[in-house]
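Participant: Quick one: sequence and predicted model below, then my questions.
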Amino acid sequence: MGGARLASYIDSGIRSDHEMLSAKETLEKLRNGMYVIMRDAPGAHNLSDCIKAITAHQLNSRRAMLCGDDWESRDLVNLGHMDHIVRLAINEGMDPIRAIQMATLNTAEAYRIDHIVGSITPGKAGDVLIIDDLDGFHVDKVFANGELVAANGEMLKEPKIPEIKDVFLKSFNIRTPVSPDEIIIRTDKDAREAEVISIDLSKPIARCRRKEMLDVENGVMAPDVDKDVLYVTVAERHFGTGNKYTGFLSGYNLKSGAMATSLSPEDNNIVVIGTNAEDIAYAINYIADVKGAQVVVDKGEVIEAINLPIGGILADIKAKEMSVKEQKLEEAAKNLGCTVDRPFFGMMFLTLTSMPELAITDKGLVDWETRQYISPIAKVVK
């Protein structure tokens, strides 16, 4: 977005953006008075390019911020969090003091909470990091609320575990068992083949439109693993509507089984990618039974799973334990042929209709440009 469209967007009251993909885009937004939030994330390593808007053009950094986005526990365990982002900024040529400012004071000012946080000054709620040196920015000690809470990479105080209310453990209202017959995509029984529209995830941070011809047998269009055209199903799980919708997806190269998640912003319905209707139905039923999970199944068996019983999106386990589970889950998907790095990230955001070019919800396939539901079947050949 740029030019007149960007000006209109800002004029509507939008002050900040974390979706920049390039230095050029970042530069234009800065020059139009926006706060820009430079992001590094497992599925979107944009910081190294975007920060050149400041380092290469010598712009003032006071309207620039830093952030992570949708990290997994293994990232937090292995890399750190904002300390890692600050290190990246410094490694890309940003002055260390300005990089720290982008992660603290600039952010507080942008969100108009600098009277509370953002600086170590009288009256502010400021936690303190003791680091080895500015360039390395490795944290030796952490003081929070005036207490030493971490040192040498280890917690010295255990965080207080909140009470988990019963309502968060009963967030599923889905009609089960789901049968494979509810997953299958059908068309005219007299058809020989059909041209289908598939959501293509073969490019990073992109959901493109791909068309493929599929054989039709007795009116059924099954996935074709040789053409990398899989089923993708979204099942509503909050209100018992019974809504389920299946479309096509490419780019994952899954050869067998299915993978599913109940963590899928922004609606957190169940999303499943699979090579056959039977494993897709099995995955949905498993997630409903355990009240939330990310799971890989094959031939009617669970190969690996992370149960997420709290609201269907969280697990009450330590980050290190979750980190191991995340790695095993990804390995299970790759053992079934999946070639996508961080495959659960890609599928989690398939329901996000604010991102181009296609999305899928429990009600249908959504064309981002027209904001209309469209059929996954472009044409039928008899």
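Facilitator: The structure has been received and is ready for your questions.

Participant: now the strands for the stretch 251-382 of the chain?
Facilitator: 258-261, 270-274, 293-298, 301-307, 358-361, 364-367, 372-374, 377-381 (DSSP state E, counting those that start in this stretch).

Participant: swap in the stretch 51-200 of the chain?
Facilitator: Under DSSP E, counting those that start in this stretch, the stretch 51-200 of the chain gives strands at 64-68, 128-131, 139-144, 147-151, 154-155, 185-186, 193-200.

Participant: Least confident of those strands, on average?
Facilitator: In terms of average pLDDT, strand 154-155 trails the rest of the strands of the stretch 51-200 of the chain, at a mean of 90.

Participant: partners of it in the sheet?
Facilitator: In the sheet, strand 154-155 lines up against strand 147-151 (antiparallel) (DSSP bridges).

Participant: now the strand it pairs with and strand 139-144, what's the angle there?
Facilitator: 150 degrees (axes from the mean of the first three to the mean of the last three Cα atoms, to 10 degrees).

Participant: chain center to strand 147-151: distance?
Facilitator: Distance, stretch centre to chain centre, for strand 147-151: 31 Å (Cα atoms, centre = their mean, to the nearest Å).

Participant: Also stretch 209-216?
Facilitator: The chain centre lies 27 Å from the centre of stretch 209-216; the measure is Cα atoms, centre = their mean.

Participant: same thing with stretch 6-20?
Facilitator: Stretch 6-20 has its C-alpha centroid displaced from the chain centroid by 22 Å (Cα atoms, centre = their mean).

Participant: Likewise for stretch 252-264?
Facilitator: Counting by Cα atoms, centre = their mean, stretch 252-264 is centred 14 Å from the centre of its parent chain.

Participant: how long is stretch 9-16 end to end?
Facilitator: Distance between the two ends of stretch 9-16: 11 Å, counting by Cα to Cα, to the nearest Å.

Participant: Now do that stretch, average pLDDT.
Facilitator: For stretch 9-16, mean pLDDT is 93.

Participant: ditto for stretch 23-33
Facilitator: For stretch 23-33, mean pLDDT is 94.

Participant: Would you indicate which residues of it are buried?
Facilitator: For stretch 23-33, burial by neighbour count (16 or more other Cβ atoms under 10 Å) applies to 23, 25-30. From N, CA and C alone the C-beta is placed, and that goes for glycine too.

Participant: And the contacts of it?
Facilitator: With Cβ atoms under 8 Å, 6 or more residues apart in numbering as the test, stretch 23-33 has contacts from 1-2, 6-7, 10, 17, 20, 36, 38, 49-54, 56-57, 59, 63-64.
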